[in-house]
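Engineer: Sequence and predicted structure below; questions after.
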Amino acid sequence: MRPCKIPESVLVVIHTREREVLLIERADAPGTWQSVTGSKDREDERFEQTAIREVAEETGIVVGSPAVPRAALVDWNLRNVYDIFPAWRHRYAPGVTRNTEHVFGLVVPRDIAVTLSPREHLAWRWLPWREAADACFSFSNAEAILHLPRFM
């Protein structure tokens, strides 16, 4: 049996200096586009560590590499608290219904190689930031992308 998910997660808006945003399509919900997201693996895992791990797992982009230095990952100090979709609540401990999401931005070169985890995602695309916000299924993801100009 899998351990229960921790109701603390990250959302990482991966973008270029030109304000293009990388979106990935969910394998479990084709046609659903989002930024990189993921929960802590351990209670004591720092959110920065979670963000670095999730970016690598979901896109193959390595934070701390020559192409993407550690300083490219920025904690935007934004938090979203939301109800966990009923269809996904079985992944959490009984009675857990809300998740707290911590938002990061990651600036990368436009020509960075993207390698998806096929178990999790089907496709990826770059979109101008406003279009990317419109394409997201998640309100909190769209809202985070709309904050991008504040952090450039």
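Structural biologist: Perfect, I can see it now. Just so you know, these numbers come straight off a predicted model, no measurement behind them.
Engineer: which stretch of helix or strand covers Arg53?
Structural biologist: Following DSSP states H and E, one finds Arg53 within helix 47-59.
Engineer: Any figure for the gap between the residue nearest to the spatial centre of the chain and Val96?
Structural biologist: Centroid-nearest residue in the chain: Val36, 2.3 Å away (criterion: CA atoms, centre = their mean). From Val36 across to Val96, the span is 22 Å (CB to CB, to the nearest Å). All C-beta atoms are positioned from the backbone trio N, CA, C, and that covers glycine.
Engineer: Phe137 now?
Structural biologist: Counting by CB to CB - Phe137 and Val96 are separated by 22 Å.
Engineer: Val114 contacts Ala56, correct?
Structural biologist: No - counting by CB atoms under 8 Å, Val114 does not reach Ala56; the two are 11.6 Å apart.
Engineer: residue ranges with poor pLDDT in this structure?
Structural biologist: 1 (pLDDT under 70).
Engineer: Run through the helices of the protein in chain order.
Structural biologist: All helices of the chain, identified by DSSP state H, fall at 47-59, 129-135, 139-146.
Engineer: How about residues contacting the shortest one?
Structural biologist: By CB atoms under 8 Å, 6 or more residues apart in numbering, the residues outside helix 129-135 that reach it are 15, 19-21, 23, 33, 127, 141-143, 145-146, 148-149.
Engineer: If any of the residues you listed are buried, put those into a PyMOL selection.
Structural biologist: Those of these that count as buried under 16 or more other CB atoms under 10 Å are selected in PyMOL with:
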select buried, resi 15+19+20+21+23+33+127+141+142+145+146+148
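Engineer: can you put the contacts of helix 129-135 in a markdown table and add distance to Trp88?
Structural biologist: Converted to a markdown table, the contacts of helix 129-135 look like this (distance: CB to CB, whole Å):
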| residue | distance to Trp88 |
| --- | --- |
| His15 | 26 |
| Arg19 | 31 |
| Glu20 | 29 |
| Val21 | 24 |
| Leu23 | 20 |
| Trp33 | 18 |
| Leu127 | 26 |
| Asn141 | 15 |
| Ala142 | 19 |
| Glu143 | 20 |
| Ile145 | 22 |
| Leu146 | 25 |
| Leu148 | 27 |
| Pro149 | 31 |
